[in-house]
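Novice: kindly generate the corresponding structure for this input.
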Amino acid sequence: MIKLFKQITFSLLFGLLLFNLNSAFACSMIKVTKNGKTIVGNNEDQMNPNSRIWFEKGSFGKYGVAYVGFDNLYPQGGMNEVGLVFDGFTQSYRIVADTLGKIKISALDLEKKIMQECGTVEEVKILIEKYNIDFWVGAVMRYIDKTGKYLYVDGDSLVIGNEDIFTQTNKRPYESKECWRYNKATSILKNGFETSVNYAKSIMDSIHMDEKAVKTLYSTIYDLNEGKIYLYYFSDFSTPIIYDLEYELKKDDRVLNIPELFPDNVFGKKYLDEYNKILKMILDLGSSSDTNKMERYQNLKKSIFNSFIDNYPFFYKIFHTAQYYLYEEINYERAILLLKLNVEIYPNYYKAFDDIGEAFFADKQYQLALKNYQRSLELYPNNSKAKSKIEEIIKLM
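Specialist: Numbering: from 1, shown residues only. Okay, the predicted model is just below:
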């Protein structure tokens, strides 16, 4: 029971972390339908350059699917052999309340089930209504079939639409917040559109991301009627790789490393090498128990601060690794060392002090826990968690 509680606590904390961090991520989608033809374009804007495309053959009445995503092989988007396309978009939190009596399922299993069993958005809606989808509290989902109809999943709302065009970014359609990608793509579409790969490509190129922390790592253009996928890498829209899904699904199941498919993309290779070098240093620091631990720590810190990549991706991974040592494989020393690095990366971020305060508290180092919660409160005076923990620590001391 204690282990289960730790796992639940970790899942909740990491889920909230993903919600907070992913709000900075940017993904974009457009859909155009005209004269019986539908084209969908998507930019995957993220931090992790270890991207993948993989193919899973259909069997026993199930459709074959091509997925795109990252090295954990969790599908970020894709298309099945009958032209159903999907993608998910990180959003602000919206509660999913309609869970009573619904079947429990993981997000991954539901996504696979939808793509293997559904060919139309009506079928997707019927299937989703059977399940508890509270794992999508910080996301919306879009499904499009080759007729041009689409399903928009937003909290408890499952809405089927049939407009000729739409734009989706990390902004719910009814929210007033500004999103330059949404505004720009929508403006272009409303001025006249066509259902061609080149047209969709031009829009996705116009809204690609090129910030230090978040870049367009890959882009996909889906021709739903022809069953073709056009794959682009690191905002280079001049050299696609084209996949005919019917042909690809006749081969064995396989996973392709997207960076290896584009060896001539010099910046993509540089970004990938730098990211993976520092990522390995983070993981080595977490797993290392040797006497050179502090030397490793200093080298890691120096590498992060000297990197041409923004510190943010590494903050994300450091926190993830620290939480593992704090709640799964209990090792407070490793967790504290990693969280100490977070504080050095972002010395004015109150949450970083909350996190290391929590680690010191779990390790019964109450004086250090108190010090860090007090610093958190200085940075954010309305931090109710820090206030509560300070009161608790003072009573214990």
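Novice: quick one, what contacts Leu285?
Specialist: Counting by Cβ atoms under 8 Å, 6 or more residues apart in numbering, Leu285 touches 293, 296-297, 300, 334, 337-338, 341. Where you see a C-beta, it was placed from the backbone N, CA and C, and this is true even at glycine.
Novice: for the strand or helix carrying Pro259, packing partners?
Specialist: Pro259 belongs to helix 258-261 when assigned by DSSP states H and E. Applying 3 or more Cβ pairs under 8 Å, 6 or more residues apart in numbering; DSSP states H and E, we find helix 258-261 packed against strand 51-56, strand 228-233, helix 266-287.
Novice: quick check: end-to-end length of stretch 355-371?
Specialist: 12 Å (Cα to Cα, to the nearest Å).
Novice: now it: buried residues?
Specialist: 355-361, 363, 365, 369-371 (16 or more other Cβ atoms under 10 Å).
Novice: for the stretch 251-397 of the chain, which segments are assigned as helices?
Specialist: With DSSP state H, counting those that start in this stretch as the criterion, the stretch 251-397 of the chain has helices at 258-261, 266-287, 293-306, 312-327, 332-345, 350-362, 366-379, 384-396.
Novice: quick one, which of the ones you listed is nearest to Tyr222?
Specialist: helix 258-261 (15.9 Å; Cβ to Cβ).
Novice: now do the closest one: distance to the chain's middle.
Specialist: 20 Å (Cα atoms, centre = their mean, to the nearest Å).
Novice: repeat for stretch 75-82
Specialist: 16 Å.
Novice: now it: mean pLDDT?
Specialist: Averaging pLDDT along stretch 75-82 yields 97.
Novice: residues in contact with that stretch?
Specialist: Contacts for stretch 75-82 (Cβ under 8 Å, 6+ apart): 27, 42, 44, 58, 63-70, 85-88, 108, 111-112, 115-116, 118-119, 145-146, 220, 222, 224, 227, 229, 245-246, 249.
Novice: switch the cut-off to 7 Å
Specialist: 42, 44, 58, 63-69, 85-88, 111, 115, 119, 220, 222, 227, 229, 245-246, 249 (Cβ atoms under 7 Å, 6 or more residues apart in numbering).
Novice: same question, stretch 380-391
Specialist: Outside stretch 380-391, the residues touching it (Cβ under 7 Å, 6+ apart) are 350, 354, 357, 361, 370, 373-374, 376-377.
Novice: that one: which residues count as buried?
Specialist: By neighbour count on 16+ other Cβ under 10 Å, the buried set for stretch 380-391 is 380, 383, 385-386, 389-390.
Novice: send me that stretch as CSV with only the CA atoms.
Specialist: Once non-C-alpha atoms are left out, stretch 380-391 reads as follows in CSV (Å, rounded to 0.1, in the frame of the first residue of the first chain):
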residue,chain,number,x,y,z
TYR,A,380,6.1,34.1,-4.2
PRO,A,381,4.4,35.5,-1.1
ASN,A,382,1.0,33.9,-2.1
ASN,A,383,2.5,30.4,-2.1
SER,A,384,0.1,28.6,0.2
LYS,A,385,2.0,25.3,0.0
ALA,A,386,5.2,26.9,1.3
LYS,A,387,3.2,28.6,4.2
SER,A,388,1.7,25.3,5.2
LYS,A,389,5.0,23.4,5.1
ILE,A,390,6.8,26.1,7.1
GLU,A,391,4.1,25.8,9.8
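Novice: how is this protein divided into domains?
Specialist: Each domain of the chain is listed here as a residue range: 2-15+269-396, 25-263, per automatic domain parsing.
Novice: re earlier: closest one of the contacts of Leu285 to Leu279?
Specialist: Closest to Leu279, out of all of the contacts of Leu285 and judged by Cβ to Cβ, is Leu300, at 10.4 Å.
Novice: for that closest one, which non-adjacent residue is closest in space?
Specialist: Met281 (4.5 Å; Cβ to Cβ, 6 or more residues apart in numbering).
Novice: list just the nearest of the buried residues of stretch 355-371 to Gly192.
Specialist: Using Cβ to Cβ, the buried residues of stretch 355-371 come closest to Gly192 at Asp355, 49.9 Å.
Novice: before we move on, back to that, worst mean pLDDT among the domains of the chain?
Specialist: Among the domains of the chain, domain 2-15+269-396 scores lowest, with a mean of 86.
Novice: surely Glu274 and Ser307 touch.
Specialist: Yes. In terms of Cβ atoms under 7 Å, Glu274 counts as a neighbour of Ser307; the distance is 5.9 Å.
Novice: isn't Tyr332 up against Ala359?
Specialist: Yes. Because the distance of 6.1 Å satisfies Cβ under 7 Å, Tyr332 is recorded as touching Ala359.
Novice: show me the contacts for the closest residue to Asp236 other than its chain neighbours.
Specialist: Sequence neighbours aside, Asn265 is the residue nearest to Asp236 in space, at 5.7 Å (criterion: Cβ to Cβ, 6+ apart). When the contact criterion is Cβ under 7 Å, 6+ apart, the partners of Asn265 are 233-234, 236.
Novice: of the residues you listed, closest to Pro49?
Specialist: Closest to Pro49, out of all of the contacts of Asn265 and judged by Cβ to Cβ, is Phe234, at 8.0 Å.
Novice: where do the helices sit along the stretch 1-150 of the chain?
Specialist: Counting by DSSP H, counting those that start in this stretch, the helices of the stretch 1-150 of the chain are 2-22, 107-117, 121-128.
Novice: picking up where we left off before, in a markdown table, list the buried residues of stretch 380-391 along with distance to Ala200.
Specialist: Below are the buried residues of stretch 380-391 laid out as a markdown table (distance: Cβ to Cβ, whole Å):
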| residue | distance to Ala200 |
| --- | --- |
| Tyr380 | 43 |
| Asn383 | 45 |
| Lys385 | 45 |
| Ala386 | 48 |
| Lys389 | 50 |
| Ile390 | 54 |
